[in-house]
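Q: no FASTA, just this:
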Ligand code: IPE
Ligand code: IPE
Ligand code: MG
């Protein structure tokens, strides 16, 4: 994208209707490895470039008035990758968080991490806690990063937490409804994603937000994550605005 095009896309493009914007966008940032391979680079270079794409999308969501962005950074299944790649990713997350925190505070971004955070390296856990604490009162956009996240793991941990309350007599089994369940998910307090974007052409959820995406609109693009830019996001939003969401009803 040229600098001129970037400047033009600083504000919500005029063909998009503000009232039909998704409040919450979720993104499966896929294709970093293939992007690197195509450039003749090691996979980790794709992850590095992927961070730039995410930073730009966050800023774009903020500029255009999207209230929440959730990005899938590392799944519970991604531990199965080569050790060097996993180590690189953990260090990258930690470095980026430390480098970007000031900017996030300045831009009034609220950072939240979801996933089984206790199993992450302790240095990363420290950065995560700091970033969540320092940005908890920020209101320009809610930015959630799913790290060591698995939809099934999230559902099982919610069941444990609820079962414990029942055991302790704090809750009755027949009081458990969808709202109770949602309060025990990592995403408690955030509305469900209206739009899911997945890059690199794969047509699957890969264990992402299984409960929360019951009625999300899904947009798949062949573009690899490091190449996903504002004009790509514009296309995703245009498509979203043409969808008719029915939620099982006759409209
Ligand atoms: C997504 O890109 C990033 C993570 C899962 C951490 P990939 O690393 O999955 O890239 P591909 O799918 O192998 O191209
Ligand atoms: C999903 O991508 C996880 C993240 C983007 C963090 P994967 O590359 O791990 O998904 P699969 O293996 O193709 O389903
Ligand atoms: Mg992948």
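A: Received it, and whenever you're ready, just let me know what you need. Keep in mind the model is a prediction, meaning the values are calculated, not measured. Ligands and ions are numbered 1, 2, ... in the order given.
Q: and residue 114, how far is that from ligand 1?
A: 15 Å (Cβ to the nearest ligand atom, to the nearest Å). For the C-beta atoms, the positions are set from N, CA and C on the backbone; glycine is no exception.
Q: got the contact list for residue 236?
A: Residue 236 is in contact with 195, 197, 219, 221, counting by Cβ atoms under 8 Å, 6 or more residues apart in numbering.
Q: if we go to 6 Å?
A: Residue 236 sits next to 197, 219 when contact means Cβ atoms under 6 Å, 6 or more residues apart in numbering.
Q: Could you do residue 115 as well?
A: Residue 115 makes contact with 146-149 under the criterion Cβ under 6 Å, 6+ apart.
Q: Now with 10 Å, please.
A: Neighbouring residues of residue 115 by Cβ atoms under 10 Å, 6 or more residues apart in numbering: 72-76, 128, 144-150, 153-154, 186.
Q: The closest residue to it other than its chain neighbours: how many residues sit nearby?
A: Nearest residue to residue 115 in three dimensions, chain neighbours excluded: residue 149, at 3.4 Å (Cβ to Cβ, 6 or more residues apart in numbering). For residue 149, the count of nearby residues is 26 (other Cβ atoms under 10 Å).
Q: Just to check, residue 149 is in contact with residue 79?
A: No: contact status for residue 149 versus residue 79: not in contact, 11.8 Å apart, counting by Cβ atoms under 10 Å.
Q: For the stretch 151-251 of the chain, which segments count as helices?
A: Assigned by DSSP state H, counting those that start in this stretch, the stretch 151-251 of the chain shows helices spanning 151-167, 178-183, 230-242.
Q: Next, find the distance separating the most centrally placed residue in the chain from residue 159.
A: Closest residue to the average C-alpha location of the chain: residue 71 at 1.7 Å, with Cα atoms, centre = their mean. According to Cβ to Cβ, to the nearest Å, residue 71 and residue 159 sit 26 Å apart.
Q: just to revisit the earlier point, what residues are bridge-paired with the residue nearest to residue 115?
A: On the basis of DSSP bridges, residue 149 is bridged to residue 75.
Q: which residues sit in contact with it?
A: 70, 72-76, 78, 113-117, 186-187, 207-209.
Q: overlap between the contacts of residue 115 and the residues near ligand 1?
A: Among the contacts of residue 115, the ones lying near ligand 1 by Cβ under 6 Å from any ligand atom are residue 74.
Q: Please produce a ChimeraX select command covering the buried subset of the contacts of residue 115.
A: Buried residues among the contacts of residue 115 (16 or more other Cβ atoms under 10 Å), as a ChimeraX selection:
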select :72,73,74,75,76,128,144,145,146,147,148,149,150,153,154,186
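Q: pLDDT value on residue 251, please?
A: For residue 251, the model assigns a pLDDT of 89.
Q: ok, and the closest non-adjacent residue to it?
A: In space, and not counting its chain neighbours, residue 251 is closest to residue 244: 6.4 Å by Cβ to Cβ, 6+ apart.
Q: right, and the one you found touches residue 20 too?
A: No: Residue 244 is not in contact with residue 20 according to Cβ under 10 Å; the separation is 11.2 Å.
Q: what about these two, which has more around it?
A: Neighbours were counted for residue 244 and for residue 20 using other Cβ under 10 Å; residue 20 has more, 12 against 6.
Q: Next up, the contacts around that one.
A: Shown in contact with residue 20 (Cβ under 10 Å, 6+ apart): 194, 237, 240-243.
Q: Which two of those have the greatest separation?
A: Taking Cβ to Cβ as the measure, the contacts of residue 20 span a maximum distance of 13.7 Å, between 194 and 242.
Q: more crowded one of the two?
A: Shown here are residue 194 and residue 242; by other Cβ under 10 Å, residue 194 has more neighbours (22 against 8).
Q: got the contact list for the more buried one?
A: Contacts for residue 194 (Cβ under 10 Å, 6+ apart) come out as 20-26, 66-68, 213, 215-217, 240, 243, 245.
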